[in-house]
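In: With the input below, show me the fold.
(one chain, ligands or ions: 2)
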Amino acid sequence: MLTNVEHIGIAVKSLAASNDLFTKLLGGKPYKAEAVESEGVTTSFFKINQTKIELLEATRPDSPIAKFLEKKGEGIHHLAFEVSDIYAEIERLKTEGFTPLNETPRRGADNKLVCFLHPKETNGVLVELCQEVKE
Ligand SMILES: CC[C@H](C(=O)O)C(=O)SCCNC(=O)CCNC(=O)[C@H](O)C(C)(C)COP(=O)(O)OP(=O)(O)OC[C@H]1O[C@@H](n2cnc3c(N)ncnc32)[C@H](O)[C@@H]1OP(=O)(O)O
Ligand SMILES: [Co+2]
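Out: Ligands and ions are numbered 1, 2, ... in the order given. Coordinates of the predicted model:
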């Protein structure tokens, strides 16, 4: 099952500018910066107690973030939920009538396996499932 909100993904034009803004807003610097080539993004993560903010800047014009910024501008891009077994969760959601965008989980940022549900299936909210990768 989905156990908690793992992070809130926010699409931004400039990671540098938004890092400064969120450092002022949250009173602390990001704990990690990480590029995810497969998604055409570079990210930075802030932690507030158990919840994280993931800022995402596009590194390629065909990145989902570039398309989102073009269409909607900066703002909340997705909600990521933590799951303990992403494979089982994909199967469970399929039985509930959802169609995961990627049936095989892929490597995300911050040491996670991830999969996404289309916003059309989830009241307009892009949903990400994240499972911690145990090294
Ligand atoms: C994995 C690394 C990192 C991590 O946490 O580990 C990340 O989070 S990476 C995040 C970036 N990667 C993704 O978002 C992958 C999943 N997203 C997709 O596959 C696409 O973005 C998709 C399928 C959601 C939309 O792609 P499409 O090419 O169809 O874009 P359109 O602009 O044509 O959108 C179609 C339709 O959906 C609406 N839309 C698009 N994105 C969002 C969104 N983030 N939230 C809500 N709605 C969204 C868009 O407005 C269109 O609606 P319409 O009514 O037809 O105008
Ligand atoms: Co994310």
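
In: could you say which helix or strand contains the residue of the chain found nearest ligand 2?
Out: Nearest residue of the chain to ligand 2: G9, at 4.1 Å (CB to the ion). All C-beta spots, glycine's among them, are computed from the backbone N, C-alpha and C. Here G9 is covered by strand 2-11, with elements defined by DSSP states H and E.

In: what comes into contact with that strand?
Out: Counting by CB atoms under 8 Å, 6 or more residues apart in numbering, strand 2-11 makes contact with 18, 45, 50-56, 58, 65, 68-69, 72, 74-84, 89, 110, 112, 126, 128-130, all of which sit outside it.

In: as a whole number, average confidence for it?
Out: Over the span of strand 2-11, the pLDDT mean works out to 95.

In: Kindly report the same for stretch 24-43.
Out: 97.

In: Run the chain-centre distance for it.
Out: A distance of 11 Å separates the C-alpha centroid of stretch 24-43 from that of its chain, computed with CA atoms, centre = their mean, to the nearest Å.

In: Stretch 21-41 too?
Out: Between the centre of stretch 21-41 and the centre of its chain there are 12 Å (CA atoms, centre = their mean).

In: In CSV, list the C-alpha atoms belonging to that stretch.
Out: The C-alpha trace of stretch 21-41 is given here as CSV (Å, rounded to 0.1, in the frame of the first residue of the first chain):
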residue,chain,number,x,y,z
LEU,A,21,14.1,30.6,-2.8
PHE,A,22,13.4,27.3,-1.0
THR,A,23,16.4,27.7,1.2
LYS,A,24,15.0,31.0,2.4
LEU,A,25,11.4,29.6,2.6
LEU,A,26,12.4,26.4,4.5
GLY,A,27,15.3,27.8,6.4
GLY,A,28,17.8,25.2,5.2
LYS,A,29,19.8,24.1,2.1
PRO,A,30,18.9,21.2,-0.1
TYR,A,31,20.5,17.9,1.1
LYS,A,32,21.1,16.5,-2.3
ALA,A,33,21.3,17.5,-6.0
GLU,A,34,21.0,14.7,-8.6
ALA,A,35,20.5,14.5,-12.3
VAL,A,36,18.3,11.7,-13.7
GLU,A,37,19.4,11.5,-17.3
SER,A,38,16.6,9.1,-18.3
GLU,A,39,14.0,11.7,-17.2
GLY,A,40,15.8,14.7,-18.7
VAL,A,41,15.9,16.4,-15.3
